[in-house]
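Peer 1: Just need the structure, nothing else, for what follows:
(chains A and B)
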There are 2 protein chains.
Amino acid sequence: MAEMQTVETVVALRELVTRAKRNGKKIAFVPTMGALHKGHMSLVKAAKEKETFVVLSVFVNPLQFGPNEDFHLYPRPIEADLELCKNAGVDLVFNPSVEEMYPNGFASLVEVSGVSNTLCGLNRPGHFKGVTTVVLKLFNQVLPDFAFFGQKDAQQALVIKKMVLDLNLPLEVIVCPTLREEDGLALSSRNRYLTTEERLRAPEIYKALCILRDDMINKKYQQTDKYRDELLQRLAAISDSSIDYAEVVNANSLETLYDIKGLILCAVAVRLGRTRLIDNILISIPA
Amino acid sequence: MAEMQTVETVVALRELVTRAKRNGKKIAFVPTMGALHKGHMSLVKAAKEKETFVVLSVFVNPLQFGPNEDFHLYPRPIEADLELCKNAGVDLVFNPSVEEMYPNGFASLVEVSGVSNTLCGLNRPGHFKGVTTVVLKLFNQVLPDFAFFGQKDAQQALVIKKMVLDLNLPLEVIVCPTLREEDGLALSSRNRYLTTEERLRAPEIYKALCILRDDMINKKYQQTDKYRDELLQRLAAISDSSIDYAEVVNANSLETLYDIKGLILCAVAVRLGRTRLIDNILISIPA
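Peer 2: This next block holds a predicted model:
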């Protein structure tokens, strides 16, 4: 098996990807912002199962951070990331600079309306425009056959899928399940921001989602609002928390749900101290 | 030589393009709105010179027309277009419906700021957003190695080139010279809107541009404004004309020109009666 390679320019990336294609390999792509954890590695594992040439990108994308967000603080443990990639069997790591991705005079943006305009889109204006723009660039740089995203960022996965559909991108988006700590906390690069105290309270978010799911399956209420109110109460009860949103929506359109049936997404964004955590749960209720 | 084929769906298009690629052919793409003339055919000729598989699309793109523009009136002589394509040696014509290009719920847009925001971008708000979105879709559908555009739509060519650069699209944009009638009128699908009277006056537009070019080469004035004023006067003198714009700009950035040197674009949009005509001329002035 060939050594893992790391490149920092689009030209070098293309050369290696083109070579792999010429050798008959399909390309699988795992776009990340680094600060890798087992969640990312589960995407690599899914990619490797397709017997592909696996490209993983590490790029903290300034375009998807708001002016008061954590772009500069965002962790960038590149050495540890590369070690994880190597052990997971990644073939190629693409680690571009901001200048390589956005040279002087960069002026093009991609926007997906509808699914971008709710949940995180309301709390983080411009966020998804930054995500779709960088992901479209990365897709055009890597030219993958498959691209892997985590269900933890449920809305992001939907926005990307919609972009791929609308713009006829020649690739398949594969969404993999959220990985969790033993106590239920969804794996996230931002978990490392949590203080010991906050870390102890953080699993309450997932617990609240699980109670909601059980209540829905047991048809505790008739109206969506009641479930949402209870979810909000449980999240508000977490000490030192503030809620960005907690919504019960249609899992495909992210539109407000009026009937408790079909594939339902319950998605939340909660701040613990200064750390913003997101989580969600998919619930399938037969009609 | 194989018969020319015509397809109306992305699936059928991809199948034929993939087959041509598998046979070792490079793909050349000529996107058009149909109502083909010798200008379009010169793009096909340039494409054939590269010994490629030539795909020409015919799609009157609703997204690039304003609410008061000529989308519904725009000529759609598909039989004549197909005949021209066949004679020119086009391999594949892609002639999709509006529903094929923009299915219900379509929600993604691509925008290039800067070069889009001047000249035609000022007179036709949203126009270039429609152009970049449809061209990006077509690029992703056809997956070409080369794409051909005419210099007559100088700003469009620049906007597309910028999009290709910014979004790392894996293809080369080739811009071909404007073709003209013997009396100088730039070939355009919209010329067929002109009445006999208007058609007689239309060459005055190009004549005004040629005088401007000669004056610049002869360094008649020091200031850009003087050239522009004279150009405006000459265009205004065309009977029953109204001027959308007449600008003297940097040919790469489309920014206002302060010094008469480098590669200069003089671009105009003039209405003759109800028909809007555009034309331009490139002038290279040594520093």
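Peer 1: Residue A:144 against residue A:171, yeah?
Peer 2: Yes - look at residue A:144 against residue A:171 with CB atoms under 8 Å: they come within range, at 5.4 Å. In short, each C-beta sits where N, CA and C put it, glycine included.
Peer 1: Need the overlap of contacts for those two.
Peer 2: Shared contacts of residue A:144 and residue A:171 (CB atoms under 8 Å, 6 or more residues apart in numbering or on different chains): residue A:29.
Peer 1: which secondary structure elements does the helix or strand bottoming out on mean pLDDT in chain A contact?
Peer 2: When each helix and strand of chain A is scored by mean pLDDT, DSSP states H and E, helix A:120-123 comes last, with a mean of 92. Judged by 3 or more CB pairs under 8 Å, 6 or more residues apart in numbering or on different chains; DSSP states H and E, the packing partners of helix A:120-123 are helix A:127-142, helix A:154-166, strand A:241-250.
Peer 1: okay if I get those as TSV plus distance to residue B:179, mean pLDDT and mean neighbour count?
Peer 2: Shown next, in TSV, are the helices and strands packed on helix A:120-123 (distance: least, CB to CB, whole Å; pLDDT from 0 to 100; neighbours: other CB atoms under 10 Å in any protein chain shown):
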stretch	distance to residue B:179	mean pLDDT	mean neighbour count
helix A:127-142	32	98	24
helix A:154-166	34	98	23
strand A:241-250	52	96	18
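Peer 1: export these to JSON lines and tack on distance to residue A:4?
Peer 2: Converted to JSON lines, these look like this (distance: least, CB to CB, whole Å):
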{"stretch": "helix A:127-142", "distance to residue A:4": "15"}
{"stretch": "helix A:154-166", "distance to residue A:4": "25"}
{"stretch": "strand A:241-250", "distance to residue A:4": "37"}
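Peer 1: can you give me the offset of stretch A:156-175 from its chain's centre?
Peer 2: For stretch A:156-175, the gap between its own C-alpha mean and the chain's C-alpha mean amounts to 13 Å (CA atoms, centre = their mean, to the nearest Å).
Peer 1: again, but for stretch A:118-125
Peer 2: What separates the centre of stretch A:118-125 from the centre of its chain is 14 Å, taken as CA atoms, centre = their mean.
Peer 1: Between the two ends of that stretch, what distance do you get?
Peer 2: 10 Å (CA to CA, to the nearest Å).
Peer 1: any residues touching it, and which ones?
Peer 2: Taking CB under 8 Å, 6+ apart as the criterion, the residues outside stretch A:118-125 that touch it are A:66, A:69, A:127-128, A:155-156, A:244-245, A:247, A:249, A:254-255, A:267, A:269, A:278.
Peer 1: Likewise for stretch A:98-111?
Peer 2: Applying CB under 8 Å, 6+ apart, the external contacts of stretch A:98-111 come out as A:8-10, A:59, A:61-63, A:128-129, A:132-134, A:136-137, A:163, A:167, B:108-115, B:132, B:162-163, B:166-167.
Peer 1: swap the cut-off to 6 Å and go again
Peer 2: Applying CB atoms under 6 Å, 6 or more residues apart in numbering or on different chains, the external contacts of stretch A:98-111 come out as A:9, A:129, A:132-133, A:136, B:109-114, B:163, B:166-167.
Peer 1: Point out the residues in the stretch 151-287 of chain A that sit beside chain B.
Peer 2: Counting by CB under 6 Å from any CB of the partner chain, the residues of the stretch 151-287 of chain A close to chain B are A:163, A:166, A:167, A:168, A:169.
Peer 1: which residues of chain A fall in helices?
Peer 2: For chain A, applying DSSP state H gives helices covering A:10-22, A:38-48, A:78-88, A:98-101, A:120-123, A:127-142, A:154-166, A:196-201, A:203-217, A:224-236.
Peer 1: anything in the longest one near chain B?
Peer 2: Yes - contact between helix A:127-142 and chain B is present through A:136, A:137, A:140, A:141 (criterion: CB under 6 Å from any CB).
Peer 1: Pick out the most distant pair among these.
Peer 2: For these, the maximum inter-member distance is 9.7 Å, found between A:136 and A:141 (CB to CB).
Peer 1: Quick one: neighbours of residue A:19, just the number.
Peer 2: Around residue A:19 there are 11 other residues, counting by other CB atoms under 10 Å in any protein chain shown.
Peer 1: Might you report the residue contacts of it?
Peer 2: Applying CB under 6 Å, 6+ apart, one finds that residue A:19 lies in contact with no residue.
Peer 1: swap in residue A:90?
Peer 2: Under the criterion of CB under 6 Å, 6+ apart, the neighbours of residue A:90 are A:4, A:44, A:54, A:56.
Peer 1: swap the cut-off to 10 Å and go again
Peer 2: Contacts for residue A:90 were tallied using CB atoms under 10 Å, 6 or more residues apart in numbering or on different chains; they are A:4-6, A:28, A:30, A:36, A:40-41, A:44, A:47-48, A:53-56, A:81-82, A:84.
Peer 1: can you pull the pLDDT of it?
Peer 2: Predicted confidence (pLDDT) for residue A:90: 98.
Peer 1: do residue A:1 as well
Peer 2: At residue A:1, the predicted lDDT confidence score is 58.
Peer 1: same check, this time on residue A:256
Peer 2: On pLDDT, residue A:256 comes in at 89.
Peer 1: got the contact list for it?
Peer 2: By CB under 10 Å, 6+ apart, the contact list for residue A:256 reads A:118, A:224, A:225, A:228, A:247, A:248, A:249, A:250.
Peer 1: I'd like to know how far the first one sits from residue A:155.
Peer 2: Read it as residue A:118. According to CB to CB, to the nearest Å, residue A:118 stands 8 Å off from residue A:155.
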